[in-house]
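Colleague: With the input below, show me the fold.
(one chain, ligands or ions: 1)
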Amino acid sequence: MTRVLVLNGPNLSRLGSREPEVYGYANHDDLVALCIAEGALLSLEVEVRQTDDEAQLVHWLHEAADASTPVVLNPAAFTHYSYAVRDACAQLRAPLIEVHLSNPATREEFRHTSVVAGVATGTIAGFGVDSYRLALRAVAILVA
Ligand code: DQA
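Modeller: Coordinates of the predicted model:
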């Protein structure tokens, strides 16, 4: 069974209460359950982690690089400015799917830039928690 790491960046632990009109009403535990259930349908062993800490996220990406583990990554605000996260993503050897709950392209100007997109296999944005289901499907297709 292929292992997949789903990594969530800062403020995503606040899902459900954080700007629900933008990010929806599902909380992070709901998102974890959805990812594990979708993974089971796709024969993927999914582990979901969340951190507000850039260094922690970089360390998890190094772990995924060393183990050639596919990654579904919502870098959250790091998307827009973290060259450290971008450089860690560039070291991955298995597929990297960048995901966003909202569609950053329709939002404030600063969200229109992703420093991660250029090193991702692809990006899925704007489908709420279903962005993660679609991202896991992309991983399943890519590793088949
Ligand atoms: C986000 C979009 C980012 O612009 C924002 O900083 C987030 C969440 C999303 O999933 O829509 O924290 O990555």
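Colleague: Only C-alpha atoms from now on, for both contacts and neighbour counts.
Modeller: Will do.
Colleague: Checking the closest residue to L101 other than its chain neighbours next. Helix, strand or coil?
Modeller: Closest residue to L101 apart from its sequence neighbours, by Cα to Cα, 6 or more residues apart in numbering: G128 at 4.1 Å. Classification of G128 by DSSP: H, G, I helix; E, B strand; the rest coil places it in coil.
Colleague: now swap in E98 and tell me
Modeller: Per three-state DSSP, E98 ends up strand.
Colleague: Please tell me I have it right and it contacts N74.
Modeller: Yes: counting by Cα atoms under 8 Å, E98 touches N74, with 5.9 Å between them.
Colleague: now the residue nearest to L101: how far from T69?
Modeller: Distance check for G128 against T69: by Cα to Cα, to the nearest Å, it reads 24 Å.
Colleague: Please apply the same query to V119.
Modeller: 15 Å.
Colleague: for D87, same thing?
Modeller: If you go by Cα to Cα, the gap between D87 and T69 works out to 16 Å.
Colleague: More neighbours: those two, which one.
Modeller: T69 (19 against 15; other Cα atoms under 10 Å).
Colleague: list the contacts for that one?
Modeller: By Cα atoms under 8 Å, 6 or more residues apart in numbering, the contact list for T69 reads 3-5, 92-95.
Colleague: again, 7 Å this time
Modeller: 3-5, 94 (Cα atoms under 7 Å, 6 or more residues apart in numbering).
Colleague: go on, Y132?
Modeller: 35, 99.
Colleague: which SS state does it fall under?
Modeller: With three-state DSSP as the basis, Y132 sits in helix.
Colleague: quick one: pLDDT of it?
Modeller: At Y132, the model reports a pLDDT of 98.
Colleague: Mind jotting down where the strands sit in the chain?
Modeller: 2-8, 44-50, 71-74, 96-100, 122-125 (DSSP state E).
Colleague: Mean neighbour count added to these, as CSV?
Modeller: Output for the strands of the chain, formatted as CSV (neighbours: other Cα atoms under 10 Å):
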stretch, mean neighbour count
strand 2-8, 21
strand 44-50, 18
strand 71-74, 27
strand 96-100, 27
strand 122-125, 19
